[in-house]
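>>> Below is the structure, and that's it, no one-letter string:
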């Protein structure tokens, strides 16, 4: 009998918690629709106020940065490939060494 009452109390508590959660979710949706996001509060400045020479300099600087970044990426890929190649050589040498040790161990047992 005590178990049934505690089960009913737990179910009731879950129901109350779900109801409160639903009310808070509805309030959050209502509040979100009512207040504008920061993007809606912003505005654009006319492009005519920007100096064309500055835009050209900025574009050239961005282009140089991208070219440097591409060169660095190529160099890091080359280093990565070299590391993989060296790791594969090391694994091959370790297999060879293990085989030789096994061979000498077998020869010593005879």
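On my side now, so go ahead. Computed from a predicted model, the values in this text were never measured in an experiment.
>>> tell me which helix or strand of this structure sits lowest on mean pLDDT?
Here the helix or strand of the chain ranked lowest by mean pLDDT, DSSP states H and E is helix 38-41, holding a mean of 55.
>>> following it, which helix or strand shows up next?
As assigned by DSSP states H and E, the chain's next helix or strand after helix 38-41 is helix 52-109.
>>> where does the protein have low pLDDT?
Counting by pLDDT under 70, the chain shows low-confidence ranges at 1-7, 32-50.
>>> Give me the residue at the spatial middle of it.
Central residue of the chain (Cα atoms, centre = their mean): residue 73, 19.2 Å from the mean position.
>>> any idea how far that residue is from residue 19?
Distance of residue 73 to residue 19, given as Cβ to Cβ, to the nearest Å: 55 Å. C-beta: built from backbone N, CA, C; applies to glycine.
>>> Kindly provide the distance from the residue nearest to the centre of the chain to residue 66.
10 Å.
>>> cool, and residue 80?
21 Å.
>>> Which segments of this structure make up each domain?
In terms of domains, the chain is parsed into 1-35, 79-110 (source: automatic domain parsing).
>>> I'd like these as JSON lines, with mean neighbour count and distance to residue 61 appended.
What follows is those, written out as JSON lines (neighbours: other Cβ atoms under 10 Å; distance: least, Cβ to Cβ, whole Å):
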{"stretch": "domain 1-35", "mean neighbour count": "9", "distance to residue 61": "39"}
{"stretch": "domain 79-110", "mean neighbour count": "9", "distance to residue 61": "27"}
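>>> okay if I get these as TSV plus distance to residue 59?
Putting the domains of the chain into TSV (distance: least, Cβ to Cβ, whole Å) gives the following:
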stretch	distance to residue 59
domain 1-35	38
domain 79-110	31
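>>> Of the ones you listed, which is nearest residue 51?
Across those, residue 51 has its closest neighbour in domain 1-35 (37.1 Å, Cβ to Cβ).
>>> centre of the chain versus stretch 73-87, how much separation?
23 Å (Cα atoms, centre = their mean, to the nearest Å).
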